[in-house]
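Enquirer: For reference, the sequence and a predicted model appear below.
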Amino acid sequence: MPDWAKLFFYRTHDSTEAGLVITKSEVPMTLVEIKFSTTPKVSRGFHIASKDLGTQNHYAICPVEKSFPSL
């Protein structure tokens, strides 16, 4: 990880959550969904978190052989 990157877990009081938020100078830059399923689905909370935080980069990490569809 670059020195500028800070890692956070995101969760709101209504249980919206995202597995990993990467910030630069306290500005959310990247949102990452981490799934252990071989048939993953990006959660509704991931999309809400993306809107809440205004992130531009979105990724899913999961144990599949082919790339995950664009988020």
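Expert: All right, it came through fine.
Enquirer: What segments of this protein are helices?
Expert: Assigned by DSSP state H, the chain shows helices spanning 44-53.
Enquirer: For it, which residues score under the pLDDT cut-off?
Expert: By pLDDT under 70, the low-scoring segments of the chain are 68-71.
Enquirer: center of it, which residue is that?
Expert: Val32 (2.3 Å; C-alpha atoms, centre = their mean).
Enquirer: could you list every residue that touches that one?
Expert: Counting by C-beta atoms under 8 Å, 6 or more residues apart in numbering, Val32 makes contact with Ala18, Gly19, Leu20, Val21, Ile22, His58, Tyr59, Ala60, Ile61. For glycine as for every other residue, the C-beta is placed from the backbone atoms N, C-alpha and C.
Enquirer: Contacts for stretch 18-25, please.
Expert: Where contact means C-beta under 8 Å, 6+ apart, the residues beyond stretch 18-25 that reach it are 4-10, 28-34, 45-46, 49-50, 53, 55.
Enquirer: Got a quick ChimeraX command for the buried subset of these?
Expert: In ChimeraX, selecting the buried portion of these, with burial taken from 16 or more other C-beta atoms under 10 Å, looks like this:
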select :10,28,29,30,31,32,33,45,46,49,50,53,55
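Enquirer: Now go through the contacts of stretch 18-25 and say which are in strands.
Expert: If you go by DSSP state E, these have 5-10, 28-34 in strands.
Enquirer: if I pick Thr55, what's in contact with it?
Expert: Val21, Pro28, Met29, Thr30, Leu31, Ala49.
Enquirer: ok, now with 6 Å
Expert: When contacts are counted by C-beta atoms under 6 Å, 6 or more residues apart in numbering, Thr55 is found next to Pro28, Thr30, Leu31.
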